[in-house]
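A.B. asks: pasting a predicted model and its sequence here:
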Amino acid sequence: MTTMSKLQSFLLRWFLLFSLTHLFGPSRGDVGTASQYSPPYLPTACYGSNVGKLPTDNFFASASEGIWNNEASCGRQYLVRCLSAITPGTCTGRTIQLKIVDRSSTSVSRPSYEGTTMALSESAFAAIANISATEINIEFQQV
């Protein structure tokens with residue numbers, strides 16, 4: 001094999017290895033916990049009683065103090081998926097996109113479990129986990 005062929009072979013293997021580790025490597029999101037909260041959802045800390053600001057698919061959440069950031073989180077979109085829960089088989093494996101519309105500590109409806117990173121609307125929670133769970137571990141990434 002010529003020196004050029006060896007170099008090309010090495011570069012090809014390196015590129016493939018890099019590509020695979022990039023595609024299947026570690027998560028690029030943050031991890032936290034999520035609970036759920038039920039109606040009434042209005043008024044919200046972000047939009048008051050403006051129902052038009054809630055996503056039509058009802059995939060929204062209230063933010064904990066850790067991501068609230070003095071209302072800067074209002075309107076932020078996150079990709080969220082359930083990683084695990086106390087009960088095996090709780091997670092659906094689905095990833096959803098949701099919008100922050102409220103602040104957990106002041107929301108009209110209280111989260112099913114206090115102190116979680118996000119409290120998801122019933123629709124959002126049911127999309128990624130069994131609705132009977134009170135708390136789940138999540139991965140989330142701002143989009």
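C.D. replies: Good, I have the coordinates.
A.B. asks: from now on I want contacts and neighbour counts done on CA atoms only, so please keep to that.
C.D. replies: Noted.
A.B. asks: show me what M118 is bridged to.
C.D. replies: Note on M118: beta-bridge partners by DSSP bridges are A34, A63.
A.B. asks: and R110, which of the three is it?
C.D. replies: Per DSSP: H, G, I helix; E, B strand; the rest coil, the local secondary structure of R110 is coil.
A.B. asks: burial of it, as a residue count?
C.D. replies: 19 (other Cα atoms under 10 Å).
A.B. asks: which residues touch the closest residue to it other than its chain neighbours?
C.D. replies: Residue nearest to R110 in three dimensions, not counting chain neighbours: Y37, with 6.0 Å by Cα to Cα, 6 or more residues apart in numbering. Taking Cα atoms under 8 Å, 6 or more residues apart in numbering, we find Y37 in contact with S109, R110, P111, S112, A119, L120, S121, E122.
A.B. asks: let's see it at 6 Å
C.D. replies: Counting by Cα atoms under 6 Å, 6 or more residues apart in numbering, Y37 makes contact with P111, S112, A119, S121.
A.B. asks: nearest to L98, of those residues?
C.D. replies: S121 (9.4 Å; Cα to Cα).
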